[in-house]
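1. just coords:
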């Protein structure tokens, strides 16, 4: 059985969450495991040998035998993606799908699926590599990074004009995220010794299937971790939703459990009074340290790095991996579509459950057709 992409992305997600959470006791967290996985896959395209193997291990794609696949709900989806006759002008499948356990075509298909979603929401995902001028890059790498990942490599002069390089990167990010993410790099964050900086941003805004009515939003207390509380704007609606009960979510979170918890057998549809705080989360992570702890060490180390599929220059190491995620949740919409659209039927004895998110909670936003976790986070303080 070929493994779907949801498993590696989820496994990576949970590894990363546990690492980020250690130093973020009462801090909000939001990141996009799908987006970071895609960014690391892009780097993998330029890596060889142990450097490539370490990325495969971090991304959980090192599977004996079977290749990864997208795990579609409908098998025809893969076929529809390649209109006939489109292959002549592009490099062939095998040219860009290099040896190793990482199937780049799968990531490309995932991106295609996520990008032509619907007019009900905006999803902007962008990767770019900024490289110190003077490094000659392999044509094959440039071609495949553009074809598979839509990534354009840009040369900048970190050594001679680091401030101009910083502004160029920030301007690119701002334009890619419709002005939502402005100052990705604060002054002084990029080092004059930088050689290769991977920038990965994701922005998402969507409408609820069932919108919250603004006049029903009320101020209520949100319990913070240390027995303190703060007033927040709590949105309210009553409707038919799927609900499930679990004990001690955080300590028992695994790929299998997440699948189980969110499966229809464990959720029952009922009338629910939903209280959800309005919130806006933005988080920026420099992932260098975390990725090294997870096993990606060679790529940051001059004596061990092998980026020979990207450049013939020997001294190119990865200097920074920066990820920024932006999530906004309000009455109009959110990054998570809720509800199943059934109208409320008044029974003589209405049995109503209450779902009140008035204390720290975990949330994730999933692309259901491929079961891919697009966002994962923890809200401690709206």
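-> The structure has been received and is ready for your questions. Values in this document were obtained by computation on a predicted structure and should not be read as measured data. Residues are numbered from 1 along each chain as shown.
2. Show me where the stretch 1-150 of the chain has its helices.
-> Secondary structure of the stretch 1-150 of the chain (DSSP state H, counting those that start in this stretch): helices at 6-22, 33-44, 49-58, 76-80, 93-96, 104-115, 139-149.
3. Show me the one of those helices that comes nearest residue 236.
-> Residue 236 lies closest, by CB to CB, to one member of the helices of the stretch 1-150 of the chain: helix 6-22, at 28.9 Å. No exception for glycine: its C-beta is placed from N, CA and C like everyone else's.
4. Which strand in the protein has the most residues?
-> strand 229-243 (DSSP state E).
5. Can you tell me the strand partners of it and which way each runs?
-> Here strand 229-243 is paired, per DSSP bridges, with strand 218-223 (antiparallel), strand 268-277 (antiparallel).
6. Identify whichever of these lies nearest to residue 210.
-> Nearest of these to residue 210, taken as CB to CB: strand 268-277 at 9.2 Å.
7. gap between the closest one and the chain center?
-> Centre-to-centre, strand 268-277 and its host chain are 26 Å apart (CA atoms, centre = their mean, to the nearest Å).
8. How about residues contacting it?
-> Strand 268-277 is contacted from outside by 212, 220, 222, 232-244, 329, 338, 340, 342, 344, 350-358, 379, 382, using CB atoms under 8 Å, 6 or more residues apart in numbering.
9. who are the neighbours in contact with the closest residue to residue 29 other than its chain neighbours?
-> Nearest residue to residue 29 in three dimensions, chain neighbours excluded: residue 378, at 4.6 Å (CB to CB, 6 or more residues apart in numbering). Neighbouring residues of residue 378 by CB under 8 Å, 6+ apart: 17, 21, 24, 28-30, 360-363.
10. Over to residue 375?
-> Counted by CB under 8 Å, 6+ apart, residue 375 has contacts 30-32, 202, 204, 325, 327, 335, 363-365.
11. tell me the secondary structure for residue 331?
-> Here residue 331 is recorded as coil under DSSP: H, G, I helix; E, B strand; the rest coil.
12. residue contacts, the nearest residue to it once chain neighbours are set aside?
-> Nearest residue to residue 331, sequence neighbours excluded (CB to CB, 6+ apart): residue 212, at 4.1 Å. The neighbourhood of residue 212, defined by CB under 8 Å, 6+ apart, consists of 235-237, 276, 331.
13. and which of these is nearest to residue 56?
-> Taking CB to CB as the measure, residue 276 is the one of these closest to residue 56, at 38.2 Å.
14. how far away is the closest one from residue 260?
-> Taking CB to CB, to the nearest Å as the measure, residue 276 falls 23 Å from residue 260.
15. Settle it for me: which of those two has more neighbours?
-> residue 276 (25 against 13; other CB atoms under 10 Å).
16. about what we covered before: buried ones among the contacts of residue 378?
-> 17, 28-30, 360, 363 (16 or more other CB atoms under 10 Å).
17. In the stretch 51-200 of the chain, where is pLDDT below threshold?
-> 63-94, 98-100, 116-117 (pLDDT under 70).
18. and with 50 instead?
-> 64-66, 72-93 (pLDDT under 50).
19. From residue 219, how far off is residue 231?
-> Relative to residue 219, and taking CB to CB, residue 231 is found at 5 Å.
20. same question, residue 120
-> Look at residue 120 and residue 219: by CB to CB, they are 29 Å apart.
21. ok, now residue 212?
-> For residue 212, the distance to residue 219 (CB to CB) stands at 15 Å.
22. follow-up on the earlier one: Three-state assignment for the residue nearest to residue 331, please.
-> coil.
23. Name all residues that make contact with residue 16.
-> Residue 16 sits in contact with 31, 33, 36, 290, 294, where contact means CB under 8 Å, 6+ apart.
24. ok, the second one - contacts?
-> Residue 33 makes contact with 9-10, 12-13, 16, 373-374, 376 under the criterion CB under 8 Å, 6+ apart.
25. Check the third one too.
-> Residues in contact with residue 36, defined by CB under 8 Å, 6+ apart, are 12, 16, 200, 287, 323.
26. What is the neighbour count of residue 238?
-> Around residue 238 there are 15 residues (other CB under 10 Å).
27. Leaving out chain neighbours, which residue sits closest to it?
-> residue 273 (4.9 Å).
28. hey, least reliable of the strands paired with strand 229-243 by pLDDT?
-> Among those, strand 268-277 carries the lowest mean pLDDT, a mean of 87.
29. so how far is the first residue of stretch 277-291 from its last?
-> End-to-end distance for stretch 277-291, by CA to CA, to the nearest Å: 32 Å.
30. Just the strands from the stretch 51-200 of the chain, written as ranges.
-> Remark: strands assigned in the stretch 51-200 of the chain by DSSP state E, counting those that start in this stretch are 68-69, 121-132, 152-156, 196-206.
31. Could you single out the most deeply buried of the ones you listed?
-> Of all those, strand 196-206 has the most neighbours on average by mean count of other CB atoms under 10 Å, namely a mean of 24.
32. Just give the strands next to it in its sheet, each with its orientation.
-> Partners of strand 196-206, by DSSP bridges, with direction: strand 121-132 (antiparallel), strand 320-329 (parallel).
33. Which one of the strands paired with strand 229-243 lies nearest to residue 47?
-> Of these, the one closest to residue 47 (CB to CB) turns out to be strand 268-277, at 41.9 Å.
34. who's in contact with residue 302?
-> Neighbouring residues of residue 302 by CB under 8 Å, 6+ apart: 315, 317.
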